[in-house]
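Asks: make a model of this:
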Amino acid sequence: MGKVVIFTLLMCMIVGCSSTGRSYVETEMAETLEVAILPNKSKMFTYRLRWPEESIPNHIRVARRGTNPGQEFAQGGIDVGRGTYERLLENTAYVVKHSGYCREGFFELDRSISRYHLWVRGECKDSATAADQQSFGAKQTLTPERWGKSS
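Replies: This next block holds a predicted model:
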């Protein structure tokens, strides 16, 4: 009986630690990847998930502009919790890989997580090739059509 309990606990831990796929892509949030290839061949990017501006409650838009910073959030947006950062990084890794932008991974340079806007700014570990420069140009914003929305 003890072995069954231990086995059950181990399985629960494995299931709890496993990834459930990409997060937030089934919400109203717009997903984009802003790419920029610098003259030194560095490939920079900003991955964003942004709630549509018209869906953000008016008092939140006012508070973001600094006129009422103590106002509480209304319903809407995403629930920011302990796993939000990890899920955001999983999404970022998926998008930069499946868009063909970062072939060897990336370094995170900066990030921001809020209820209505999440983003990661990073740099690819690989330098831009002539094909990358042809495909991505110096600067552009990519949408999910480029990498697919699937998990």
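Asks: give the contact list for Leu89.
Replies: If a contact means Cβ atoms under 8 Å, 6 or more residues apart in numbering, then Leu89 has Glu108, Val120 as its contacts. C-beta coordinates here come from the backbone N, C-alpha and C atoms, glycine included.
Asks: shaky segments in the protein?
Replies: Residues of the chain that meet the criterion pLDDT under 70 lie in 1-21, 25-27, 55, 57-76, 149-151.
Asks: all strands of it, in order?
Replies: Here the chain has its strands, by DSSP state E, at 30-37, 43-50, 106-113, 117-124, 139-142.
Asks: from Gly77, how far out is the residue nearest to Pro144 when sequence neighbours are not counted?
Replies: Leaving aside its sequence neighbours, Pro144 sits nearest to Glu31 (Cβ to Cβ, 6 or more residues apart in numbering; 5.4 Å). Here Glu31 is placed at a distance of 15 Å from Gly77 (Cβ to Cβ, to the nearest Å).
Asks: equivalent analysis for Ala93, please.
Replies: From Ala93 over to Gly77 (counting by Cβ to Cβ), the distance is 23 Å.
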